[in-house]
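Asker: structure for the following, please:
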Amino acid sequence: MPTKQVRRTQAERTEATVTALVDAAHELFAEDGYAATSLDAVAAKARVTKGAVYHHFAGKKQLFEAVFAREVDRLCAAMPAVYAAKRDPWDAFEACCRAFLEECLEPGLQRIMLLDALMALGWEGVRRLEAPFMELMETAIDRAVEEGSIAPRPPGPLAVFLYGALCETAMNVARADDQKAAHRTALAELSDVLRGLRIA
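Answerer: Numbering: from 1, shown residues only. Reported below is the predicted structural model:
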C-alpha cells in the first residue's frame, strides 16, 4: 500500500509539472512568439529548473507541440455542443465552422496556431496535430450526406477542401488591418459556399 501511494504521488507530481510547463509555455508563446521564447523563460515562469523542462520535453519544438495539441483538444471539445444546438446537420456543420473562425480571433490562438505553427512544426507536423479537426469534419459531412442535406460523396476530399479554406481564411483575418471587418466578410463567404453545397 505505501508503495502504491508513493507511485501515485510521483505520477501526480509529474502531471503537475508538465501542466505547469505547458501553461507557462502557452502564455509565453502567445505573448512573445515561438522564436523569441526561450526554455529558460519557460522554466522560470513555471518555477522549475531547466533540467525539469528537458526531463519532460526533448526541446522547445516538442513543448510547442504540447501547447498546440492542447489548443486543438480544447477547440474540438467545444464543437459537440455547438453541433448539437442545430437540428439540421448541414446547419450544424456551418455553426461549427463559424465557431472555429470565432475562436481564431483570439490573439494568443492566432499567434500559436496560425502565425507560428508552420515555422515551428512544419506542414506535416501541423497537419498531424490537427487530425482531430479533420476527423470531426469528415464525421459531420458523412452525417449531412446520410440526412440528404448534401449530395453523396466520400467525406475526405470535401473535408480537406473546406478545412484548408477555413485555415487560410483564419490566417488572412489574423493578418488583416481590420480583423472584425475581415471576419464578417469571411462568415458571409462561408455561408454562401456551404449554401451552394446544400441540396435539401
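Asker: now the residue nearest the centre of the chain: which helix or strand?
Answerer: Among the residues of the chain, the one closest to the centroid is Val72, at 3.0 Å (CA atoms, centre = their mean). According to DSSP states H and E, Val72 maps onto helix 60-84.
Asker: continuing past that helix, what's the next helix or strand?
Answerer: helix 89-103.
Asker: and the contacts of that next one?
Answerer: 75, 78-79, 82-86, 109, 133, 136-137, 140-141, 143-144, 146-147, 149-150, 162, 166, 169-170, 173, 183, 186-187, 190-191, 194, 197-198 (CB atoms under 8 Å, 6 or more residues apart in numbering). Every C-beta, even on glycine, is put in place using the N, C-alpha and C of the backbone.
Asker: just those residues: which are in helices?
Answerer: Secondary structure from DSSP state H places 75, 78-79, 82-84, 109, 133, 136-137, 140-141, 143-144, 146, 162, 166, 169-170, 173, 183, 186-187, 190-191, 194, 197 of the contacts of helix 89-103 in helices.
Asker: weed out the non-buried ones from these.
Answerer: 75, 79, 82-83, 109, 133, 136-137, 140-141, 143-144, 162, 166, 169-170, 173, 183, 186-187, 190, 194, 197 (16 or more other CB atoms under 10 Å).
Asker: how's this structure carved up into domains?
Answerer: With domains defined by automatic domain parsing, the chain comprises 1-57, 60-197.
Asker: can you tell me how far Ala95 is from Ile112?
Answerer: Distance, Ala95 to Ile112, by CB to CB, to the nearest Å: 24 Å.
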